[in-house]
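**Student:** Please find the sequence and the predicted model below.
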Amino acid sequence: MAIVAVVGGQWGDEGKGKIVDLLAERANMVVRFSGGDNAGHTVINPYGEFKLHLIPSGIFYPEVTCIIGTGVAVNPAVLLREIEELERHGIDTGRLLVSDRAHLIMPYHLLLDELEEKQRNKGALGTTRKGIGPVYADKAARLGIRAGELLDKDVFYRRLQTALEFKNIVLTRAYEAAPLSLEEIYESYRQYGEQLAPFICDTASVTREAMARGKMILLEGAQGALLDPDFGTYPYVTSSSPLAGAACIGAGLGPKEIDRVVGVFKAYNTRVGAGPMPTELKDETGDFIREKAHEYGATTGRPRRCGWFDAVAGRFAVQVDGLSDIALTHLDIYDGFGSIKICTAYTCDGETLTTFPSDSSVLEKCQPVYEEMEGWQESMSDTRDFEGLPKEARDYLRRLEDLLSCPISLVSVGPDRKQVISVKAIHPWV
Ligand code: GDP
Ligand code: IMO
Ligand code: MG
């Protein structure tokens, strides 16, 4: 048995989709363990280019079972569209399973996400408006509706009736919005339920059975460590945990079972939405990175904020995720740079900080302390081995390993599945 978790090490969009698509070649099962369709995982392979929001990035291999795990929040309309889109491209989705315990995103979650963001006004978080905050709030408040409840129309009707009574009070009295219709929601979700019924089951037991049979399992994270509700830049975070620790709960297995934890990092930093980002470049270098790397959100199309690699935040992510390996993506974006900066510390109110502050208002005030390294002029998009990289690029990778205290096992040099350099075997089963 071998289980590998793949998680984001920054503020999301590090290239998790690409890395999971790559590693899944040798897996039997891929389980998405948290987040919802706020995630957008880009996969570019011989089938084309796909932006997956809910379906695990292992779906392109006919032998791989793909699970939408217990920790995921599922918008059934989005999931059905995604299934249809894949099928249209000739991808078989017959091996997809959806946890009966996964919470459902309901129309009032989308509406409340919108209304709450408006209410926050200048303090808006810049959410993806996919209903994520409201759905996980309902899960904690014990007002949520789970995918398994779609399978019994009467149970679903009663659950919806109870939840909607609460929600309509909030919508009409707090936000002075129109109430939502029970019958309309029921009817559309009844239809989703019929379409999704073949996929819904107790996925945790399927995963456990695969474990017992020694199968190779990948646990696919969404978002990144710095968006974690506990350890991220609160309140500018998402509402489910993207950390490796959450992979256990979101997939239904114990911490002892995970053999390797791979953190995906970009060679620089990006962030979408509001919140502190000490290395953000609001200048032509930031714009240059954005345009060269097409740094626009896979889910919302918003321009991503770009900046130099933040090794203070990176080291923190290595620690809170307990990473065993790093997959470093987008190294090719630095081709042609005269020099490259890495943030190795912050200064804040006259003090030097080398650890990541827990308070966002402190991080807001942090100024990056940079170390500058020499760049390289060669293109590395076609390089497939570590020794073939320019010396300056190898030095950059070695320096990041030192600063992060974690080995870089994979280097990605372009968006395509093939554009990768394996430095050290990640699969424990290799
Ligand atoms: P995810 O959410 O972590 O899966 O990442 P996204 O798909 O949102 O964003 C990553 C973007 O970078 C996508 O457009 C990928 O196709 C692209 N990408 C991934 N790895 C590389 C790489 O090594 N180099 C370049 N240039 N692009 C990459
Ligand atoms: P992947 O899996 C980047 C950000 C949003 C916003 C904050 C809260 O593709 O890496 P939410 O809608 O979750 O309530 O928004 O989190 N965010 C992401 N940023 N990549 C993602 O997912 C994200 N999912 C949420 O932009 O700042
Ligand atoms: Mg993304």
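**Tutor:** Good, I have the coordinates. Ligands and ions are numbered 1, 2, ... in the order given.
**Student:** pretty sure Val320 contacts Asp228?
**Tutor:** Yes. At 7.3 Å, Val320 and Asp228 qualify as touching, with contact defined as C-beta atoms under 8 Å. Where you see a C-beta, it was placed from the backbone N, CA and C, and this is true even at glycine.
**Student:** Between those two, which is the more surrounded one?
**Tutor:** A direct count of neighbours by other C-beta atoms under 10 Å for Val320 and Asp228 places Asp228 higher, at 25 against 19.
**Student:** and the more buried one, what does it touch?
**Tutor:** Going by C-beta atoms under 8 Å, 6 or more residues apart in numbering, Asp228 touches 237-238, 241-243, 320.
**Student:** Could you check how far it is from Arg173?
**Tutor:** In this view, Asp228 and Arg173 are 33 Å apart by C-beta to C-beta, to the nearest Å.
**Student:** Can you classify the residue in the stretch 251-400 of the chain positioned nearest to ligand 3 as helix, strand or coil?
**Tutor:** Nearest to ligand 3 in the stretch 251-400 of the chain, going by C-beta to the ion, is Ala298, at a distance of 4.4 Å. Look at Ala298: counting by DSSP: H, G, I helix; E, B strand; the rest coil, its state is coil.
**Student:** Could you report the separation of it from Tyr192?
**Tutor:** Plainly put, Ala298 is 24 Å away from Tyr192 if you go by C-beta to C-beta.
**Student:** what secondary structure does the residue nearest the centre of the chain sit in?
**Tutor:** Residue closest to the average C-alpha location in the chain (C-alpha atoms, centre = their mean): Ala222, at 2.0 Å. Following three-state DSSP, we place Ala222 in the coil state.
**Student:** who are the neighbours in contact with it?
**Tutor:** Contacts of Ala222 (C-beta under 8 Å, 6+ apart): 8, 12, 16, 32, 34-36, 38-39, 41, 72, 240, 242.
**Student:** Also Thr347?
**Tutor:** Going by C-beta under 8 Å, 6+ apart, the list of residues near Thr347 reads 353, 366-367, 369.
**Student:** So Arg290 sits against Gly307, correct?
**Tutor:** No. Here Arg290 does not reach Gly307: they are 10.4 Å apart, not a contact under C-beta under 8 Å.
**Student:** Return the set of buried residues in the worst-scoring helix or strand of the chain on mean pLDDT.
**Tutor:** Ranked by mean pLDDT, DSSP states H and E, the weakest helix or strand in the chain is strand 420-422, scoring a mean of 93. Buried residues in strand 420-422, counted by 16 or more other C-beta atoms under 10 Å: 420-421.
**Student:** if you look at that strand, does any of it touch ligand 1?
**Tutor:** No. Strand 420-422 lies apart from ligand 1 when judged by C-beta under 6 Å from any ligand atom; the minimum separation is 7.8 Å.
**Student:** what's the following helix or strand after the strand or helix carrying Leu111?
**Tutor:** In the assignment (DSSP states H and E), Leu111 maps to helix 107-120. Using DSSP H and E, the helix or strand that follows helix 107-120 in sequence is helix 132-140.
**Student:** Where does the residue in the stretch 51-200 of the chain positioned nearest to ligand 1 sit: helix, strand or coil?
**Tutor:** Scanning the stretch 51-200 of the chain for proximity to ligand 1 using C-beta to the nearest ligand atom identifies Lys51 as nearest, at 6.9 Å. What three-state DSSP gives for Lys51 is strand.
**Student:** Tell me how many other residues crowd it.
**Tutor:** So Lys51, with other C-beta under 10 Å, has 15 neighbours.
**Student:** For it, give me the pLDDT.
**Tutor:** pLDDT for Lys51: 97.
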